[in-house]
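**Student:** Need the 3D shape of this:
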Amino acid sequence: MIVVLFLGLVAIAALISLYLDRRRTAAIQAFADSWGFDYREPAKLHLPSAVWHFNLFSKGRNRRLRDLIQGRQGEATISVGDYSYTTGRGKNRRTHCQTVVIIESERLHLPGFLLAPENVLHKIGGLFGHDDIDFDSHPNFSKRYLLKGFDEDSIRTCFHDGVLNFYQRRHQVSTEGHNSLLIYYKAHRLANPNDWNKLIGVAMEAYEQFIQQY
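**Tutor:** Next comes the predicted model:
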């Protein structure tokens with residue numbers, strides 16, 4: 001009886017998960033229609049290959065990008081989707097999900113960089129020469145974020161006062177950039193489809209700041 005009850009609970013949980021997934025997909029498709037965006041599946045076929053070299057998309061295993069929508073604003077192609085990956089095994093197994101905005105534009109000429117919320121491990125690493133790029137002019141930004149990349153001089157030029165002020169006003173956001181691509185997300189957080197307009201708006205604000213130097 002215990003085994004039957006357990007299997008029944010597992011089946012119910014699976015059905016609930018399937019229902020919620022389908023409801024989310026329907027909401028995303030409705031959002032895409034309202035914005036004049038296209039719903040893209042399979043998602044991987046509709047993104048530049050360079051996207052998959054970003055740090056976020058190289059983590060863990062069972063990597064999946066789904067419910068991708070695409071559209072244009074001005075000179076930028078905007079893609080938004082839910083990305084997940086798995087880490088750990090057994091009891092430590094965990095699936096990480098986040099909604100990601102990917103912006104591609106010829107107006108972007110970015111050095112390769114990773115910007116992420118700074119945590120205790122990053123601060124400990126700093127004691128041993130961790131390659132975090134800090135800005136004396138913006139101590140709150142430097143306290144809040146880890147910024148790293150191979151070309152420090154180019155990254156410092158890229159992160160002018162407008163960019164630093166933009167991120168200094170925000171919490172727990174991550175951004176990666178390289179050449180004509182910029183991705184913006186909050187790690188481990190799926191955005192409600194009703195809030196995708198706000199997420200796109202903020203990501204485009206970041207984009208506008210990065211192109212101001214050109």
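
**Student:** wait, Phe37 sits on Asp67?
**Tutor:** No - the pair Phe37 / Asp67 is not scored as a contact, 11.5 Å apart, by CB atoms under 8 Å. Glycine gets a C-beta too; all of them are placed from N, C-alpha and C.

**Student:** Contacts only, for His53.
**Tutor:** His178 (CB atoms under 8 Å, 6 or more residues apart in numbering).

**Student:** I should have written Leu68 there, sorry.
**Tutor:** Counting by CB under 8 Å, 6+ apart, Leu68 touches 39-41, 43, 46-47, 79-81.

**Student:** Could you turn the buried ones of the residues you listed into a PyMOL selection?
**Tutor:** Selection of buried members from the contacts of Leu68 for PyMOL, criterion 16 or more other CB atoms under 10 Å:
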select buried, resi 39+40+43+46+47+79+80+81
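
**Student:** Mean pLDDT per helix and strand in this protein: which one sits at the bottom?
**Tutor:** helix 120-126 (a mean of 46; mean pLDDT, DSSP states H and E).

**Student:** one step back: with secondary structure, pLDDT and distance to Gln213 added, can I get the contacts of Leu68 in TSV?
**Tutor:** As requested, the contacts of Leu68 are exported to TSV (DSSP: H, G, I helix; E, B strand; the rest coil; pLDDT from 0 to 100; distance: CB to CB, whole Å):
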residue	secondary structure	pLDDT	distance to Gln213
Tyr39	strand	95	34
Arg40	strand	91	31
Glu41	coil	85	36
Ala43	helix	80	31
His46	helix	89	29
Leu47	coil	93	26
Ser79	strand	98	24
Val80	strand	98	25
Gly81	strand	97	28
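
**Student:** Quick check: closest non-adjacent residue to Thr25.
**Tutor:** Leaving out its chain neighbours, the residue that sits closest to Thr25 by CB to CB, 6 or more residues apart in numbering is Asp67, at 5.5 Å.
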